[in-house]
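1. what would the 3D arrangement of this be:
(3 chains, ligands or ions: 2)
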Amino acid sequence: MISKNKQPSVPDNDRLSAIENSISNLEQKFEAIENGYTNVLNVTKSLAEKIGALKDVLSDKINANEERSSTHEVSQPQVILAPVEVKSKQYEPKIVGFLCNWCSYAGADKAGSAQIPYPTNVRIVKVMCSGRIDPEFILKAFQEGADGVMILACHPGDCHYKEGNYRAAQRYQMLKKLLNQYGIEQDRCYFDYVSAGEGEKFVRLITETVAKVKSLGPLKVLVE
Amino acid sequence: MKVGVYLCECGTNITEKVDLDQVSATISELDNVGYVSKIGLMCSYDGVSVFEDDLQKQKPDRVVVAACSPRDHEATFMKAMTKVGINQYLMQMVNFREQLSWVTEDKQAATDKAIVMLKGAIARVVQQEALEKKSITMNNDVLIIGAGPAGLKAALTLAEADRKVTIIEKSPMIGGLPVRYEELFPKMECGPCMLEPIEHEILHGDHAENIEIITQAELKEVKGFYGNFIAKIIKAPRYVDTEICIGCAECVGACPVSVKNPMNSNMNEKKAMDFTFFGALPNATYIDYEACLRSKGESCEACKTACPIEGAVIFDDKEEIIEKNVGAILLAIGTQLYDATLLPNLGYGALKDVVTSYEFERILSSGGPTGGQILKSNGDIPKSIAIIHCVGSLDENHKSYCSGTCCQTGFKFAHELHHKVGESTITHFYKQLVFPGKSDYPLYKNAMNNSHAKFVNYLSTSDINVVENKKGVKTISYKDVSGISGEIEADMIILLPATIPGLDNESLSSLLEVNLDKEGFFEELHGLVDSVRSKVKGIFVAGSCQSPTDIKGAVNQGVAAAGYMLSGLVPGRKLEIEPIVAEVIEDKCAGCHVCVLVCPYKAIQFNEETKKSSINAVLCQGCGTCVSACPANAIIGHHFTKEEIYEEIRGVLS
Amino acid sequence: MSKKPKIAMYWASACGGCEVSLANVHEVLLDIDANFELVFCPCLVDGKIKDVEAMDDGELLITFFNGAIRNSENEEMAHLLRKKTKILIAYGACSKDGGIPALANLSSKEELFNTVYINNPSIDNPKGIIPQRVTIVEEGELRIPEFYNKVKSLGQTVDVDYFMPGCPPEPDQLINVVNLVLSGAELPPKGSVIGVGKTTVCEECSRKKSDKKISRIYRTYEIIPDEETCLLEQGIVCMGIATRGGCGGLCPNVNMPCTGCYGPPAGVDDQGAKMIGALGAIIDIAAIKDMPEEDIPDYVDNILKSIPDYAGTFYKFSLATALVNGRVNK
Ligand SMILES: Cc1cc2nc3c(=O)[nH]c(=O)nc-3n(C[C@H](O)[C@H](O)[C@H](O)COP(=O)(O)OP(=O)(O)OC[C@H]3O[C@@H](n4cnc5c(N)ncnc54)[C@H](O)[C@@H]3O)c2cc1C
Ligand code: FES
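-> Ligands and ions are numbered 1, 2, ... in the order given. This is a model prediction of the structure:
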């Protein structure tokens, strides 16, 4: 097509489809939010179910145990049961959040400026860069009684110090596997990227992590 | 230890959600807490003076301030501490506003969290140490590599502020690419006319004594760091003394040897003793030694004999090594064009009269092979011309980016063609046309309004095929974006190849430890807010070696870099070294080398004699990545020490 | 009765290698014998617990206590020897940091018993009988020591004067320590780690080291390493960087990666954490730099797949004193 003196321009169709795309993007986002909401509902429901189921299992086991202790020969390793206290107050996990100064801490501040409420369980420890987050800190937090740990870094490419977050990400991949060997569930140690603008993402991550750790229950790292 | 805890009410921003009385009562009971004070609006003028007075009265060993985000007012409170004589690093802030009162609905929950947050900060602050800013003297001189528009304008700006500048230029002339162009877009100004005044200013202006230009020179080695670089420069022999040569060209006429002229892309010849081109500055000839008969053992002295100035021709000129101490270095080494032979279907290199934009610039130039006339290789005036834009650009198999300057170059050519060979037809083949900003549109409009011009929008260079018949007529067959095929004839084809990193980006990158981006350009510290700083402190980048740009962009970057250097290298001022840096404890370092490459700022050096690492506090930015990488905990991250963080963890979990 | 100062060497949960290290001082054993009386060392000389019980408190000048605390007998002996000893030395990796026995902390007691007594191809135990603390037989009650849930180090059980790591400690280091005591020179502060090098194994390893960047990790059988270059640089997980020196770099000097028996270096709480910190830093980040963030984990996992057992690799000798010292209680 040789068009003489024709000014090249973006056809209107393109713009229309661009608008259509962004609308459908928005729709997807709404759907995601809705899903998130039903997810939370589901988690709560399944939690209630699990508690009920647990109670049943426990009473079964207690019965079985009583039976067993009356016989002399023990053929199975004994299951030692701790007395279960039904707490009146809801269990509130303690979570330590390691945040880098430049993006994720700023993201947390952004959530603040936007005044979006979120649970109080996460205690933030600020470092200059996620690269400073020594795996010793995370294990230390668990040792000191944390039920969960969050590591939030700048998105890849955004680290104020260029590369700290890549190294943090590599460390996390190893740490995760180690924690698994310790029986510390993956949900108790969460790694993600939060930019200075992602206040809402920060709130979502905090809310989700708190809910997940809550459903896992307290963690006991014992010297016993 | 006496920790003073200050609780800011932040108007009602904090008190609305946090019961500060309850917080105060609980916190007062903690170990080390000397006192707890409440202040209405701590960051206000009055608030700060209350804070200062109270500090003076109470003389705490450590201070905790629970207020807004440290990103808002940490600096305010640190300054206040310094003012009353308490080391500012003995303070820890707690973010009661952004991360507590504004994000918590339940008042009791907020109050409980407030206490926990404070516990962490108090435990941490007890561990904190007084840190001092150190300072070292700096050299205020600057080394500029590359004498294109970017380098030259930077040099002038610096020299005008009385900084001593050394410019090293690889070629025998200064001015970079644009002095070789007859006309410059967007306003079609004469290239040499526009740049020569700048060059003259550099060579002979009021501040010329502050500028030393070393041509035919390259950087060989650099040691040191911001404020204290030592650069080793190799200068090749020119065999002509630029100081006394009067540029009369007698020697050129006398020289018996002719060779291809690389300045004109070998389209014509030059002498072994010649100018780079006529009008090039410094206005002095040079000997292309490889071409000179003397290099072949002959004893020709034709040029020397012809020279009217005693001593201007120096046959025994030698390579020199020059050492310079400078505070900062500017990289302004420009670019080159993408190799068009990599797109063989366009015929470049195989067919006559298929030329690149640079070659066509030289054809247009009065100092070029045709003396500025647009002629085909057989001497005829071309009747039909095709300009193929986006050669190698916007193409994942070649260069994925848009160089941004080729469209204007193409329109500039259209403009020149119209003036010089008015009746010829011009066909522009393009993928995308760009003409942003307030000045670029007119040339585009001009090209469009040319009644002999056509535009073909194509998708990929593979849709264009150039063939030549026996009579030497070139046919371009193509498929356009809408899939319609066509064919045109062209006497001359001008390719506008992508601008790509220069030959020496790689070697200079490893020499200076400056990173290259994935395209091979010098990587800037930040694409938006710091495009003239590299990641190595004290090494700046400007012009098209950082990213393809026009002259305006290159010059602006050069001047911006000069601005950074002027504000950083101030005579009499010392370089303040941030104390929040990492430091190797020598006794604990086992010399395992784990840390060295972890530092993105090349601040870690390994001493092969002591077998220990050390960290240059000037270069260290304090990220702490090496601290957690050191498997022996032999690196301290000041202000973020293991002890401090451990205590904070303990505190927030207690 | 001899006037020579009395010394003892005891093995708790251990393999006997520590005793071998004593035997490995060769002729110096004669010097030791000339200066000390080895009164209690179940592995080498005859001696009874009741003899120890009969001693005055502090009657033993030095006890080299090796082995971890696995069961109630180990613990009782630790308390007894603590009482009777002036200078109690946690001798060897097990005693200092739990050693290999502490790797059992990754499994519950039930899992361990199941593997050892019930579910194992070489075991014939149809009734599934497992050791009981008390078994009633015709003659009366039979008692065996209680098997604890977790293995502890000596320091986690009793007050320890000095720690001497190694699996086993190098005989030369033992000689150094003995000479130090004999010389009458002032002893290092209580709680010190003695008989060790200044920094980490790297300082003592003679391999050529340079700046580190690795893009693949190999298990030892996957590669024949260059004999001169640092093993870690060749992608072999050598624990030397995060292990206290003192051995002279024995393993890397014979082409085997250090497995960490001297435990964490001074100032390090957790050998594994430091290995993760260092490895995560030296794995080349070039590839992940241009990667969508969701692809990063899989890419890194692929590099890491040659480390099948993190705890077993990074805490082979130091799990008991690590920050998280085994499987968490549920
Ligand atoms: C065909 C063409 C036409 C153009 N026309 C225009 C136009 O009309 N208007 C416009 O605004 N822009 C134009 N441009 C863009 C313009 O050329 C650049 O913006 C400009 O040259 C950038 O200046 P610079 O100083 O960054 O680099 P350059 O001009 O390339 O100068 C770099 C200098 O560094 C030297 N150097 C290289 N390596 C070394 C080394 N290792 N050591 C020492 N010195 C070294 C080089 O010899 C050169 O002198 C055109 C570009 C092309 C390709
Ligand atoms: S600064 Fe945020 S991760 Fe490095």
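2. domain map for chain C?
-> C:6-100+C:153-183, C:105-148, C:201-321 (automatic domain parsing).
3. next, count neighbours for the residue in the stretch 301-450 of chain B that ligand 1 sits nearest to.
-> Among the residues of the stretch 301-450 of chain B, B:G334 lies nearest to ligand 1; the distance is 2.0 Å by CB to the nearest ligand atom. Any C-beta I mention is one placed from the backbone N, CA and C, and that applies to glycine too. Using other CB atoms under 10 Å in any protein chain shown, B:G334 has 25 neighbouring residues.
4. show me where the chain has its helices.
-> All of this is about chain A. Ranges of helices within chain A are A:12-70, A:104-113, A:135-143, A:164-181, A:199-216, based on DSSP state H.
5. think we crossed wires, I meant chain C
-> With helices called from DSSP H, chain C shows them at C:17-23, C:28-35, C:49-54, C:72-84, C:93-97, C:109-113, C:171-183, C:201-204, C:250-253, C:271-282, C:286-289, C:296-304, C:310-314.
6. got the CA coordinates for the fourth one in PDB?
-> Coordinates of each C-alpha in helix C:72-84 appear next as PDB, following Å, rounded to 0.1, in the frame of the first residue of the first chain:
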ATOM      1  CA  SER C  72      18.700 -40.000  80.700                       C
ATOM      2  CA  GLU C  73      21.900 -41.900  81.400                       C
ATOM      3  CA  ASN C  74      23.900 -39.300  79.300                       C
ATOM      4  CA  GLU C  75      22.300 -36.600  81.300                       C
ATOM      5  CA  GLU C  76      22.900 -38.200  84.700                       C
ATOM      6  CA  MET C  77      26.600 -38.700  83.800                       C
ATOM      7  CA  ALA C  78      26.800 -35.100  82.600                       C
ATOM      8  CA  HIS C  79      25.600 -33.900  86.000                       C
ATOM      9  CA  LEU C  80      27.800 -36.300  87.900                       C
ATOM     10  CA  LEU C  81      31.000 -35.400  86.000                       C
ATOM     11  CA  ARG C  82      30.100 -31.700  86.100                       C
ATOM     12  CA  LYS C  83      30.100 -32.000  89.900                       C
ATOM     13  CA  LYS C  84      33.300 -33.900  90.200                       C
END
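7. buried ones in it, by neighbour count?
-> Burial within helix C:72-84, assessed by neighbour count using 16 or more other CB atoms under 10 Å in any protein chain shown, is assigned to C:E73, C:N74, C:E75, C:M77, C:A78, C:L80, C:L81, C:R82, C:K83, C:K84.
8. so what's the second one up against?
-> Just to be clear, that refers to C:N74. C:N74 is in contact with C:A12, C:S13, C:G67, C:A68, C:P145, C:T157, counting by CB atoms under 8 Å, 6 or more residues apart in numbering or on different chains.
9. ok, and the closest non-adjacent residue to the second one?
-> Excluding its sequence neighbours, the residue lying closest to C:S13 (CB to CB, 6 or more residues apart in numbering or on different chains) is C:R70, at 3.6 Å.
10. what about the one you found, how many residues nearby?
-> C:R70 - counted by other CB under 10 Å - has 23 other residues nearby.
11. now C:V177
-> Neighbours of C:V177 using other CB under 10 Å come to 21.
12. chain neighbours aside, what residue packs nearest to it?
-> Counting by CB to CB, 6+ apart, the residue nearest C:V177 is C:G195, at 5.0 Å.
13. which residues touch the one you found?
-> C:M164, C:P165, C:G166, C:P169, C:E170, C:Q173, C:L174, C:N176, C:V177, C:G246.
14. between the residues you listed, which is closest to B:M194?
-> Closest approach between those and B:M194, by CB to CB: C:G246, at 71.9 Å.
15. identify the residues contacting the nearest residue to that closest one once chain neighbours are set aside.
-> Once flanking residues are discounted, C:G246 sits nearest to C:V196: 3.6 Å by CB to CB, 6+ apart. Applying CB under 8 Å, 6+ apart to C:V196 gives the contacts C:M164, C:P165, C:Q173, C:R244, C:G245, C:G246, C:Y262.
16. tell me which of the contacts of C:N74 fall in strands.
-> The strands, defined by DSSP state E, take in nothing from the contacts of C:N74.
17. nearest to B:V103 among the contacts of C:G195?
-> C:P165 (47.7 Å).
18. right, and the closest one touches C:G98 too?
-> No - under the criterion of CB atoms under 8 Å, C:P165 is not in contact with C:G98, lying 11.2 Å apart.
19. need the overlap of contacts for these two.
-> C:F317.
20. and the gap between the most centrally placed residue in chain B and B:L516?
-> Chain B has B:V541 as the residue nearest its centroid, 2.2 Å off, counting by CA atoms, centre = their mean. Per CB to CB, to the nearest Å, B:V541 is found 11 Å from B:L516.
21. how about C:L30?
-> 67 Å.
22. for A:A169, same thing?
-> 23 Å.
23. okay, the two: which has more neighbours?
-> Neighbours were counted for A:A169 and for B:L516 using other CB under 10 Å; A:A169 has more, 24 against 15.
24. contact partners for the nearest residue to that one once chain neighbours are set aside?
-> Excluding the flanking residues, the one nearest A:A169 by CB to CB, 6+ apart is C:I296, at 5.4 Å. Counting by CB under 8 Å, 6+ apart, C:I296 touches A:P156, A:Y166, A:A169, C:I288.
25. for B:T409, phi and psi?
-> Dihedral pair for B:T409: phi -60, psi -40, per degrees, to the nearest 10.
26. thinking again about what came up before, from the contacts of C:V196, pick the one nearest B:H593.
-> C:G245 (15.7 Å).
27. nearest spatial neighbour of that closest one, chain-adjacent residues omitted?
-> Per CB to CB, 6+ apart, closest to C:G245 is C:G197, 2.9 Å.
28. contacting residues for that neighbour?
-> Applying CB under 8 Å, 6+ apart to C:G197 gives the contacts C:E203, C:E204, C:R244, C:G245, C:G246, C:C247, C:G248.
29. quick one on the thing from earlier: most neighbours among the contacts of C:N74, which one?
-> In the contacts of C:N74, the most neighbours by other CB under 10 Å go to C:A68, 32 neighbours.
30. quickly list what it is bridged to.
-> Taking DSSP bridges as the rule, C:A68 bridges to C:S13.
31. pretty sure it contacts C:C18?
-> No - look at C:A68 against C:C18 with CB under 8 Å: they stay out of range, at 11.4 Å.
32. between those two, what contacts are shared?
-> Shared contacts of C:A68 and C:C18, counting by CB under 8 Å, 6+ apart, come down to C:C94, C:S95.
33. domain-wise, how is the chain divided?
-> Chain wasn't specified; assuming chain A. A:12-89, A:90-216.
34. nope, chain B
-> Split by automatic domain parsing, chain B gives B:3-127, B:142-236+B:319-334+B:502-568, B:336-500, B:578-638.
35. tell me where the stretch 1-150 of chain B has strands.
-> B:3-8, B:33-39, B:62-67, B:91-95, B:134-136, B:142-145 (DSSP state E, counting those that start in this stretch).
36. do you know which of these lies nearest B:K79?
-> strand B:91-95 (10.7 Å).
37. the closest one versus strand B:62-67: what angle between them?
-> Calculated by axes from the mean of the first three to the mean of the last three CA atoms, to 10 degrees, strand B:91-95 forms an angle of 20 degrees with strand B:62-67.
38. do strand B:91-95 and chain A meet at all?
-> Yes - Strand B:91-95 reaches chain A (CB under 8 Å from any CB of the partner chain) through B:N95.
39. pull that strand out as CSV, backbone CA atoms only.
-> Extracted C-alpha coordinates of strand B:91-95, given in CSV (Å, rounded to 0.1, in the frame of the first residue of the first chain):
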residue,chain,number,x,y,z
MET,B,91,17.7,7.4,68.1
GLN,B,92,15.1,4.9,66.9
MET,B,93,11.7,5.9,65.4
VAL,B,94,8.5,4.0,65.8
ASN,B,95,5.9,4.4,63.1
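40. so in that sheet, which strands flank it, and in what orientation?
-> Using DSSP bridges, the strands paired with strand B:91-95 are strand B:62-67 (parallel).
41. got a list of contacts for the partner strand?
-> B:1-8, B:10, B:14, B:32, B:42-43, B:55, B:73, B:77, B:81, B:86, B:90-94, B:96-97, B:114, B:117-118, B:121-122, B:125-126, B:128.
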